[in-house]
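# whatever this is, show me its structure:
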Amino acid sequence: MSLCFTPSTDDRPSRPRRRIVLTVLGGLTIVAACVAVRYFRGNEPASAQWPGAETQSADRQLASAGGHQAGRSGRTASSSSHRTQAKQPSPNGEARASSDSEKLDIVAEVNHERITRDELAEQALLHYGESVLESLVNKYLIAQACRKQGIEIGQKDVDAEIERMATRFNLPVDQWLKLLESERGIKPTEYARDIIWPTLALRKLAGPRLKVEPGELRKAFETKYGEAVQARLIAVSDRQQAEKLRQQAAAAPEEFGKLAKNHSEDLPSAAAMGRIQPIRRHGSFEQIEQVAFEMQPGNISPVIHAGGQFLILKKEADIPARRVDFQRVAPQLEELIRDGKLRKVAADVFSELQQDAQVVNVLNNPEQRQQMPGVAATINGQKISVERLAEECIDRHGEEVLEGLINRRLIEQACARLNVKVTGQDIQQEIARAAMLGVPPKEDGSPDVEAWLKQVTEEQGVSREVYVHDSVWPSVALRKLSQGTVKVNEEDLKKGYESNYGPRVRCAAIVLGDYRRAQEVWEMARANNSREYFGDLAEQYSVEPGSRALRGEVPPIRRHSGRPLLEKEAFNLKPGELSGIVQVGQRFVILRCEGHTEPIEVDFDEVRDAIHHDLAEKKQRLAMAKNFERLQDSAHVINYLAGTSRTPTKKAQSTAHTPNLKPVPTR
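Reported below is the predicted structural model:
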């Protein structure tokens, strides 16, 4: 079991209205233009093809864009109209490799039962059709605008831009493309078609709007290379509190870091004792910069109102300007300014295109679907077919959706084998059960199903249909498959009582990723065993985000929580003592005891039923998860889309047909 310290909702500090970020111009983005990702790839790091056979002229540029660069990484660009026969397994059962241009009629086999491309397309449309259609419409709009203005962007233009971007990061093109794929999940073909081509097209469509004035260049130079101020910051949302903190800081400037840590609502800087990035001219809020540059080192600023918050600065030092020749760096600065402008200009361009365009969303209109069967949308009379949209969804999310289909097929096969059926009434009862656990009941005590459905679909960003398909049906099916396999005995109840109502240990924790680093940190903690220094070490070295941000603070450790070694070590500690290095899963934990809590006085019989219900649910889900893993281990799966296959393990083969094989998904 992995170790994850997460504060409870009640323990978490309130979120500030707005984080004050003091930035400098010129932070190079890993992608050419963020707006291209937003409008053409949506919010997901997914693949997409530009309009191909269905379009003309400028659209054909889109279809071919990226083919050369994709080839550098062993990929082949494809037309959406090209289809081949289904890829079949090789004699040894492995899926044969193929180019991306092949469209497989059979995308997977699960225990020799086939999953067709049509099934995959249906599910991909169900899950992602709406969001992908929006980005696809934007692609068509810009392609039409390019064609109307006679703008042509060829493969040489795309290749040159990719090489330019790689050069900016001092990388060969191949390494740059590999970095994008490994760090951002952006494949070379996607990068060329969904980011580089739109960026180039937007630049040409924007024209004079991207012109850089001399004054803008001079400001950018001052921001990047001019003098700066090193400072600490306290940010709060209440003026009276800010004035009080300002008085305390002025009376004891050396305590500013502690005040920031304990009171600032800007969590990243609070965790760093108020330290922020250097304040530069023209880089953030003018009122902050004016005060910072007028102060003397060591001084405390008056309360500054900026960004919806009240701020106090402590000036640490002046940073002199760098000696850089303006003419030498002007071209790079001009390029950065254009990239920055492109984000706003692109929004303006799209707004104009959308205002002038006639877009009909057929996919989400039942009446329109009857009138135009097979059409997903029209843009200025040009049709996007449902088949085209489905292929786009598969290109972007196919492997993810197929994995879900494979897992569902495993459950369906288990239900058929054991004659388990899921009815509509079962579905409604499961939703009602989840509603009782997830949201407050109605006044009459019944589950508020509508409130639950609204909450869960909004949080997950899915439709009710997808929620039922992906979450409710599997839960019902696998709960029925696991009936009778879970028992809660008297010992379980006593442990549950002790875990929920017994004493706990308040500890600070540092979570490390490898044993050698854990030894180094433990030695430093032992050499200076104070809570303040332990917090510094947690902030610097902990790999777990919660303990790092909160300087080692974690929820109290209780008994029988599933981490026996950690529990044993914690309950043996006295206040102020350090633990040894405790391995929990793949992590290594160092604890510092801060004290023990008192047991909660409650009669066992009063809470017995509640504990029984909670333990039964947890044990059932644990058993279901283990059984589902065995089901997966005993399956023969060939994933033609991903080019992978797996066969049953020897251990799974020996238990594949036992009555205890009753799978459940983890949620």
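
# what about stretch 560-575, how long is it end to end?
Using CA to CA, to the nearest Å, one end of stretch 560-575 lies 21 Å from the other.

# which residues does it contact?
With contacts defined as CB atoms under 8 Å, 6 or more residues apart in numbering, stretch 560-575 is touched by 1, 3, 495-496, 498-499, 505, 507, 557-559, 579-580, 582-584, 589, 591, 593-596. C-beta: built from backbone N, CA, C; applies to glycine.

# which of those fall in helices?
If you go by DSSP state H, the contacts of stretch 560-575 have Lys495, Gly496, Glu498, Ser499 in helices.

# compare the residues you listed and tell me which is most surrounded.
Of all the ones in helices among the contacts of stretch 560-575, Gly496 has the most neighbours under the rule other CB atoms under 10 Å, reaching 20 neighbours.

# can I assume it is in contact with Glu617?
No. Using CB atoms under 8 Å, Gly496 is not in contact with Glu617; the gap is 11.5 Å.

# now the contacts of stretch 560-575: which count as buried?
Neighbour-count burial (16 or more other CB atoms under 10 Å) applied to the contacts of stretch 560-575 gives 3, 495-496, 499, 505, 507, 557-559, 579, 582, 584, 589, 591, 593-594, 596.

# near Ile394, how many other residues are there?
When neighbours are counted by other CB under 10 Å, Ile394 registers 25.

# now the closest residue to it other than its chain neighbours: which helix or strand?
Sequence neighbours aside, Ala124 is the residue nearest to Ile394 in space, at 5.1 Å (criterion: CB to CB, 6 or more residues apart in numbering). Assigned by DSSP states H and E, Ala124 falls within helix 117-149.

# elements contacting that helix?
With contacts taken as 3 or more CB pairs under 8 Å, 6 or more residues apart in numbering; DSSP states H and E, helix 117-149 sits against helix 58-64, strand 106-110, helix 197-206, helix 326-356, strand 375-379, strand 382-385, helix 386-417, helix 464-467.

# other SSEs contacting the next helix or strand after it?
Remark: after helix 117-149, the chain's next helix or strand is helix 155-168, criterion DSSP H and E. Here helix 155-168 touches helix 67-72, helix 173-184, helix 197-206, going by 3+ CB pairs under 8 Å, 6+ apart.

# just say helix, strand or coil for the closest residue to Ala434 other than its chain neighbours.
Nearest residue to Ala434 in three dimensions, chain neighbours excluded: Trp452, at 6.2 Å (CB to CB, 6+ apart). Per DSSP: H, G, I helix; E, B strand; the rest coil, the secondary structure class of Trp452 is helix.

# what's near enough to touch Trp452?
Neighbouring residues of Trp452 by CB under 8 Å, 6+ apart: Ile431, Ala434, Ala435, Gly438, Val439.

# which among these end up buried?
By neighbour count, with 16+ other CB under 10 Å, those hold Ile431, Ala434, Ala435, Val439 as buried.

# tell me which of the residues you listed is nearest to Arg323?
Using CB to CB, Val439 comes nearest to Arg323 of these, at 62.1 Å.

# against Ala432, how distant is the closest one?
As judged by CB to CB, to the nearest Å, Val439 and Ala432 stand 11 Å apart.

# quickly list what's touching both of those two.
Joint contacts of Val439 and Ala432 (CB under 8 Å, 6+ apart) do not exist.

# tell me the two of the buried ones among the contacts of Trp452 that are most distant?
Farthest apart among those - using CB to CB - are Ile431 and Val439, which lie 11.5 Å from each other.

# what about the contacts of Trp452, which are in helices?
Mapping the contacts of Trp452 onto helices (DSSP H) picks out Ile431, Ala434, Ala435, Gly438.

# confidence-wise, which of the residues you listed comes last?
On pLDDT alone, Gly438 ranks lowest of these, at 86.

# so that one sits against Gln455, correct?
Yes. Look at Gly438 against Gln455 with CB under 8 Å: they come within range, at 6.7 Å.

# re earlier: now, which of the ones in helices among the contacts of Trp452 sits nearest Ile195?
Closest to Ile195, out of all of those and judged by CB to CB, is Gly438, at 38.7 Å.

# measure the closest one to Glu109 for me?
Counting by CB to CB - Gly438 and Glu109 are separated by 37 Å.

# what do you get for Asn528?
60 Å.

# the two: which is more packed in?
Each of Asn528 and Glu109 has its neighbours counted (other CB under 10 Å); Glu109 has more, 21 against 11.

# Arg117: which of the helices and strands packed on helix 117-149 is closest?
In terms of CB to CB, the element of the helices and strands packed on helix 117-149 nearest to Arg117 is strand 106-110, at 5.3 Å.

# distance between that closest one and the chain's centre?
Strand 106-110 has its C-alpha centroid displaced from the chain centroid by 29 Å (CA atoms, centre = their mean, to the nearest Å).
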